[in-house]
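Peer 1: any chance you can model this:
(one chain, ligands or ions: 1)
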Amino acid sequence: MRLLRVFLALARPFWWSRAGWPGWLLLAAVFAMGMGIVQVNVHINAWSKTFYDTLATFDGAALLDLMGEYALAIVVLILVVVSKDWLTKALILRWRQHLNDHLLEAWFADRSYYRLGLEGEPDHPDQRIAEDARLLAESSVGLLVSFFINTLQIGAFVGVLWGLSGTQTFSLGGYSLTLDGYLVWAAVLYTLIGTLLTHWLGRPLHGLNYERQRHEAAFRADLLRKRDHAEQIALYAGEAAERQGLGERFAAIAGNWRALMHREFNLGLFTVGYSRFSNIVPVFVALPAFLAKTITLGGLMQIRTAFGAVQGSLSWFISAYRELAAWSATVERLGQFQQALERSHRTRVEIRRGEIFATCALDVLKPSGEVLLHRLNLHAAPGEWLLLAGASGLGKSTLLRTLGGLWPYYSGDWQLPAGRCLLLPQRPYLAGGRLDRVLAYPGLEVPDEATLRVALAVVGLERLGDGLAREAEWSRELSGGEQQRLSLARALLWRPDTLFLDEATNQLEEQAARGLLQCLREWLPTCTVIAVSHQPGVQTLFARRVELSMVAGRLAAVPA
Ligand SMILES: Nc1ncnc2c1ncn2[C@@H]1O[C@H](COP(=O)(O)OP(=O)(O)OP(=O)(O)O)[C@@H](O)[C@H]1O
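Peer 2: Predicted structure coming up:
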């Protein structure tokens with residue numbers, strides 16, 4: 001029941017929205033095709049009685065007509081089945097597209113992608129967005145459609161089977177029992193036993209599938225991390241340690257796979273035998289009536305296909321068990337992700353805007369609740385440059401994160417000047433791709449070439465001006481200092497009203513750093529700059545310096 005609630009919460013944004021109506025239309029068309037399939041199957045079932053009875057009469061001309069009729073039915077069946085598959089895929093794509101947009105929007109909203117990482121939950125959002133969303137759309141639609149067709153099939157063939165059963169009297173130990181539709185009851189009983197056994201054997205598959213997705217995602221993420229840090233690993237010559245780490249990750253995959261194999265082996269022993277046995281059970285069940293000559297050979301064959309259709313459809317749960325187990329694990333993983341996103345949105349940080357930058361009795365904490373910085377009262381007028389100094393590990397970067405609205409562990413208040421805000425970290429983030437886009441980041445619009453060239457010249461990277469359209473892994477191709485220069489060029493182009501600099505020039509010589517910051521001030525004269533820097537050479541650029549230091553076991557701001 002809980003699983004169904006989680007599923008509905010995941011499905012609602014698509015199916016209950018405007019975007020959902022083409023989905024409903026496609027679903028209706030898929031159901032219509034499903035009805036067509038059942039209709040053709042019923043026709044073929046009636047045909048089989050006529051065919052086998054005609055076979056017994058050796059009437060060649062009639063048999064030829066019947067074969068033509070069969071070929072026509074098969075052509076119709078092929079067309080309907082293929083159309084149903086096409087429409088199903090179109091529906092899956094629509095839903096997956098919507099799920100993808102919805103999850104990405106929620107993940108990026110209120111910086112949840114960052115804050116979920118701080119809380120350590122949930123694991124591997126990449127896999128949940130890419131893989132689990134696909135599985136959810138594919139399996140939900142696939143299972144629903146097959147469930148619908150099987151239910152229709154039961155409705156259509158129960159009547160046929162009931163009619164073929166007639167009224168049968170059974171004698172057992174002196175008692176006699178008269179039963180209508182005994183073939184239907186036999187199919188129900190046979191399937192019920194099969195379903196219960198399947199559920200009993202396959203129950204642990206849900207947990208194992210959940211673990212499987214988690215282990216696979218961890219292994220893939222680890223491999224990606226190696227690629228991203230290839231140079232550092234090579235410099236340490238850390239291959240053996242890396243190999244060992246990956247080996248351990250893979251051992252977890254193999255262990256889970258073995259457990260799955262074992263469970264699926266037990267389940268397979270039963271389901272494979274069950275499905276094979278199902279082909280002959282209806283003949284055994286109807287044999288007494290055939291031997292008593294109350295039904296013809298055609299009747300026996302019709303019973304066989306009708307019984308098979310009813311029993312096969314009732315066995316939907318058995319054949320779909322593995323997919324249902326994987327589906328429930330997917331719903332669980334995506335449900336957790338959605339709940340974590342909702343929690344994260346509830347605790348979003350609202351940044352107040354005002355005339356000036358100011359903090360009021362601001363406490364910055366660690367996620368554990370431990371106080372890092374205590375009762376900070378800072379201020380900076382528009383266009384003022386404020387330097388924050390203090391020993392390593394005091395919480396200067398964490399303070400900047402808090403002011404930028406990233407860090408949710410704080411109490412007290414602060415406000416920023418209206419307008420754009422930008423934080424330049426020590427290690428800039430340079431995505432791979434065209435240089436002009438990398439320069440314009442986080443902007444979406446790429447400025448014209450002349451502006452980009454000027455910005456590059458100001459930060460001393462004019463040599464890159466001829467390759468603005470070139471695609472490269474810029475974080476590998478540029479030195480640490482060059483990356484910091486590029487990051488400052490971004491600030492020139494983005495033109496923020498508040499700029500946080502977190503050791504943003506510490507890989508440059510002090511003279512060069514000073515020159516660059518001076519240019520920054522000339523380009524952005526009204527921008528308020530709050531900076532953390534250990535470089536004595538740049539400190540004279542700042543109007544005020546605030547020393548963060550330990551006071552009575554706590555940290556406080558002491559204006560220098
Ligand atoms: N995501 C996090 N989870 C838990 N603790 C954290 C996290 N980020 C930072 N901290 C802790 O907060 C403290 C302050 O870190 P911060 O990086 O803000 O210091 P800093 O003053 O900028 O140091 P430095 O001058 O060396 O860069 C450190 O003890 C650090 O371990």
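Peer 1: what strand or helix carries the closest residue to the ligand within the stretch 151-300 of the chain?
Peer 2: With CB to the nearest ligand atom as the measure, R225 is the residue of the stretch 151-300 of the chain nearest to the ligand, at 17.4 Å. Every residue, glycine included, has its C-beta placed from N, CA and C. Counting by DSSP states H and E, the element that carries R225 is helix 205-228.
Peer 1: what is the burial count for the residue nearest to R220 when sequence neighbours are not counted?
Peer 2: Among residues not flanking R220 along the chain, Q127 sits closest, at 7.4 Å (CB to CB, 6 or more residues apart in numbering). For Q127, the neighbour count with other CB atoms under 10 Å is 19.
Peer 1: tell me the secondary structure for Q127?
Peer 2: Taken by DSSP: H, G, I helix; E, B strand; the rest coil, the conformation at Q127 corresponds to helix.
Peer 1: what about it, distance to E384?
Peer 2: Computed as CB to CB, to the nearest Å, the Q127 to E384 distance reads 46 Å.
Peer 1: check E355 too.
Peer 2: On the measure of CB to CB, E355 and E384 end up 12 Å apart.
Peer 1: so for those two, which residue has more residues nearby?
Peer 2: Using other CB under 10 Å, the more surrounded residue of E355 and E384 is E384, with 16 against 10.
Peer 1: just the pLDDT at the more buried one, thanks.
Peer 2: In this prediction, E384 carries a pLDDT score of 94.
Peer 1: list the contacts for the residue lying closest to S479 once chain neighbours are set aside?
Peer 2: In space, and not counting its chain neighbours, S479 is closest to Q507: 7.9 Å by CB to CB, 6+ apart. With contact taken as CB atoms under 8 Å, 6 or more residues apart in numbering, Q507 is in contact with 426, 479-481, 483-484.
Peer 1: Q507 belongs to a helix?
Peer 2: No: applying three-state DSSP, one finds Q507 to be coil, outside a helix.
Peer 1: how about the backbone phi and psi for it?
Peer 2: phi -100, psi 10 (degrees, to the nearest 10).
Peer 1: would you mind listing what in the stretch 351-500 of the chain touches the ligand?
Peer 2: By CB under 6 Å from any ligand atom, the residues of the stretch 351-500 of the chain that approach the ligand are 366-367, 372, 392-398.
Peer 1: need the phi and psi values for the residue lying farthest from the centre of the chain.
Peer 2: What lies farthest from the middle of the chain is G174; by CA atoms, centre = their mean that is 62.6 Å. Taking degrees, to the nearest 10, you get phi 90, psi -20 for the backbone angles of G174.
Peer 1: show me where pLDDT drops low in the chain?
Peer 2: Within the chain, the segments meeting pLDDT under 70 span 121, 549-560.
Peer 1: for the stretch 401-550 of the chain, which segments are assigned as helices?
Peer 2: Taking DSSP state H, counting those that start in this stretch as the criterion, the stretch 401-550 of the chain carries its helices at 435-440, 449-458, 474-477, 480-494, 510-523, 536-539.
Peer 1: buried ones in the longest one?
Peer 2: Translated: helix 480-494. Using 16 or more other CB atoms under 10 Å as the test for burial, helix 480-494 gives 481-494.
Peer 1: got JSON lines for the residues you listed, with distance to G433 too?
Peer 2: As requested, these are exported to JSON lines (distance: CB to CB, whole Å):
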{"residue": "G481", "distance to G433": "21"}
{"residue": "E482", "distance to G433": "17"}
{"residue": "Q483", "distance to G433": "15"}
{"residue": "Q484", "distance to G433": "19"}
{"residue": "R485", "distance to G433": "18"}
{"residue": "L486", "distance to G433": "13"}
{"residue": "S487", "distance to G433": "16"}
{"residue": "L488", "distance to G433": "20"}
{"residue": "A489", "distance to G433": "16"}
{"residue": "R490", "distance to G433": "14"}
{"residue": "A491", "distance to G433": "20"}
{"residue": "L492", "distance to G433": "20"}
{"residue": "L493", "distance to G433": "16"}
{"residue": "W494", "distance to G433": "17"}
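Peer 1: wait, which of the residues you listed is closest to the ligand?
Peer 2: Q484 (15.0 Å).
Peer 1: contact partners for that closest one?
Peer 2: Contacts of Q484 by CB under 8 Å, 6+ apart are 428, 504-508.
Peer 1: change it to 6 Å
Peer 2: By CB atoms under 6 Å, 6 or more residues apart in numbering, the contact list for Q484 reads 505, 507-508.
Peer 1: next helix or strand past the helix holding R225?
Peer 2: Criterion used, DSSP H and E; the element after helix 205-228 is helix 230-236.
Peer 1: identify all contacting residues around that following helix.
Peer 2: E242.
Peer 1: now the helix or strand following that helix against helix 205-228, angle please.
Peer 2: Counting by DSSP H and E, the element after helix 230-236 in chain order, helix or strand, is helix 239-278. With axes from the mean of the first three to the mean of the last three CA atoms, to 10 degrees defining the directions, helix 239-278 sits at 150 degrees from helix 205-228.
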